[in-house]
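Undergrad: okay, here's the prediction I keep looking at, along with the sequence it came from:
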Amino acid sequence: YVYEGVIKTGEHYAPEPNAKPGDPKYADINGDGLITPADQKDLGNTSPHYIAALGNNFSYKGFGLSIFFQGAFAYDLYNMNALVLESTTGAAALNRFVPGVNENTSVPREGYFLSQYGGYVNSRFVQNASYVRLKSASFSYTVPPSVFTKTPIIRGLTVYAEGQNLLTFTSYKGTDPEENVHSGLALNAQGGYSGSNTGAGLDFGGFPAFRTFILGLKLSIH
């Protein structure tokens, strides 16, 4: 459903006859005067239309640098984490609708999710998840072999530092734009949620990619 804000105090929105002030307001797409499944529309793409990667290795006088970028473009995620936080104790709850106190807001009232219209999947939480990420980078220095000509055991030594998931460039507001499947929920045709292990496009409770760092030595011996 297409989200159009919240029902204000004193407003009667005919397509949602049982709505209370602060409930979500959805667009009556087909103009029949009621919010029904016929008012649903495509909200985005759960799979990237384009993916890309770029890697390269650089070397200079014993120094080495390797980088690898990856990206995905033209796809969307349903940020259910934001929905849960907004409905409970997230920062967005501070701006929720309160009759006569805070009505100039797009955040529905407290407890709206359990109302008749609260659980509808809608455009409010569909977000562009396109991203570019520096997936990995490593920097190394190889000690010249001549240093070990008089060393009976050591043949070579390389010192290196490596990192993964170092930088991410995205407008997505969730924890990780790579999160694209949750094993417990899927969006169903009625605009709600159902059990599934193929819930593509739903970001809910998944772990973000960890940023990791490694320092190491590569030692060659006779």
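TA: That came through, no problem.
Undergrad: phi, psi for Arg124 please.
TA: phi -60, psi -40 (degrees, to the nearest 10).
Undergrad: do the one 3 residues further on as well
TA: Summarising the backbone geometry of Gln127 under the convention degrees, to the nearest 10, its torsions are phi -130, psi 150.
Undergrad: give me the beta-bridge partners of it?
TA: For Gln127, the beta-bridge assignment (DSSP bridges) gives partners Leu77.
Undergrad: that one contacts Leu77, correct?
TA: Yes - with contacts counted by CB atoms under 8 Å, Gln127 reaches Leu77, the gap being 5.9 Å. Every residue, glycine included, has its C-beta placed from N, CA and C.
Undergrad: how about the strands of this protein, start to end?
TA: With DSSP state E, the ranges of strands along the chain come out as 3-6, 24-26, 50-60, 63-73, 76-79, 126-128, 131-142, 154-170, 181-182, 186-187, 193-194, 199-200, 202-203, 212-221.
Undergrad: ok, for Gln116, nearest residue in space, not its chain neighbours?
TA: Asn18 (5.3 Å; CB to CB, 6 or more residues apart in numbering).
Undergrad: repeat that for Val143.
TA: Val143's closest residue in space is Leu157 (CB to CB, 6+ apart), at 4.5 Å.
Undergrad: and for Ser138?
TA: Using CB to CB, 6+ apart, the closest residue to Ser138 is Glu162 (4.0 Å).
Undergrad: OK, contacts around the one you found?
TA: 136-139, 213-214, 216 (CB atoms under 8 Å, 6 or more residues apart in numbering).
Undergrad: higher neighbour count, Gln127 and Leu77?
TA: Leu77 (26 against 20; other CB atoms under 10 Å).
Undergrad: picking that back up, lowest-confidence stretch among the strands of the chain?
TA: Mean pLDDT per stretch puts strand 181-182 lowest among those, at a mean of 42.
Undergrad: thinking again about what came up before, tell me how many other residues crowd the residue nearest to Val143.
TA: By other CB under 10 Å, the residues close to Leu157 number 18.
Undergrad: with adjacent residues omitted, what lies nearest to Ala72?
TA: Spatially, and ignoring its direct neighbours in sequence, Ala72 is nearest to Pro48 (3.8 Å; CB to CB, 6+ apart).
Undergrad: isn't that neighbour right up against Ala74?
TA: Yes - counting by CB under 8 Å, Pro48 touches Ala74, with 6.3 Å between them.
Undergrad: start and end of stretch 29-44, how far apart?
TA: End-to-end distance for stretch 29-44: 17 Å, by CA to CA, to the nearest Å.
Undergrad: follow-up on the earlier one: shared neighbours, Pro48 and Ala74?
TA: Ser130.
Undergrad: between those two, which one's more packed in?
TA: Using other CB under 10 Å as the criterion, Pro48 and Ala74 rank with Pro48 on top: 18 against 14.
Undergrad: picking that back up, give the residues shared as contacts by Gln127 and Leu77.
TA: Shared contacts of Gln127 and Leu77, counting by CB under 8 Å, 6+ apart, come down to 172, 174.
Undergrad: format the contacts of Glu162 as CSV; extra columns: neighbour count.
TA: As requested, the contacts of Glu162 are arranged in CSV below (neighbours: other CB atoms under 10 Å):
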residue, neighbour count
Ser136, 17
Ala137, 16
Ser138, 17
Phe139, 15
Phe213, 9
Ile214, 10
Gly216, 12
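Undergrad: all set, thanks.
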